[in-house]
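# With the input below, show me the fold.
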Amino acid sequence: MLELRDVWKGTKSKGRQRWMLAGVSLSVPAGRRVALLGADRADNRSVLHMLAGVEHADRGAVRRVGMPCWPFGHRKFLDLAGTLRQNANFLSYIYGVDAGDVAAIATELSGVKLRKGKPLRRYTLAERGQLALGLTLALQFDWYFIDERLPRVAKSRIAEIDSVIAHRMSAAGVVWATTNPDLVAGYCDAGLVLDQGALTFYDTFEAASEAYQKLTAGRASKRT
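The predicted structure is shown next:
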């Protein structure tokens, strides 16, 4: 479960405070595939990161039951001065899993040719991204978070990576942020609609999509 209690989260622009979330209280049941629908991609990302725990709320409390994953594509969990095995050792200590298994799975899924003793910072940016994804998929989390798109991988590895992602997410809850409901239609079974400081949970994706489309259509008509 994800639970928000009187949560406020904002941003400042030209000295003005703008609230993305203004006193939001709600809960999201465990195991649901939830579309986070909002018209502003940056706001969606910020709220998604807050739900995942990689950003903090300005006020209020966010409670996560189960083990949340950092959003796909997020790399700040990496110690770039360490090797892949050293990063695997750290994750094994935090999450109580076998370091050897984590390193082996990450190596296989990344497709990166490793060199003994080579720190992650000495790999290319693309290689670091693949190693980060490999380490992420080496662990089973209770919540996964996606910002618009699944991670980009080499064409030769798409089928394997997609299969592993689907397997991991089948045993977890998912929050998928997007400005386009069509992207997640048929996958998500519930929704969160973000609008002008409010965040509303809908028990079906169809209800969330309908509410979001009414909001966006209303704004479009005001501009014409």
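
# In this structure, mark out all the helices, start to finish.
According to DSSP state H, the chain carries its helices in the segments 41-52, 84-95, 99-110, 125-137, 158-170, 205-223.

# want to try CSV for the ones you listed, with distance to residue 18, mean pLDDT and mean neighbour count as columns?
C-beta here means a position set from N, CA and C on the backbone, and glycine is covered the same way. Conversion of these to CSV gives the following (distance: least, C-beta to C-beta, whole Å; pLDDT from 0 to 100; neighbours: other C-beta atoms under 10 Å):
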stretch, distance to residue 18, mean pLDDT, mean neighbour count
helix 41-52, 9, 97, 20
helix 84-95, 35, 96, 18
helix 99-110, 39, 96, 19
helix 125-137, 31, 95, 20
helix 158-170, 32, 95, 14
helix 205-223, 16, 85, 14
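
# Quick one: closest of those to residue 76.
Evaluated over the helices of the chain, closeness to residue 76 peaks at helix 125-137, with 9.4 Å, by C-beta to C-beta.

# per the record, what domains does this protein have?
The chain breaks down by automatic domain parsing into domains covering 2-69+174-223, 76-139.

# between those domains, which gets nearest to residue 158?
Sorting the domains of the chain by C-beta to C-beta, the top spot, which is the nearest, belongs to domain 76-139 at 11.3 Å.

# what's the span of that closest one, first residue to last?
Domain 76-139 has an end-to-end distance of 16 Å (C-alpha to C-alpha, to the nearest Å).
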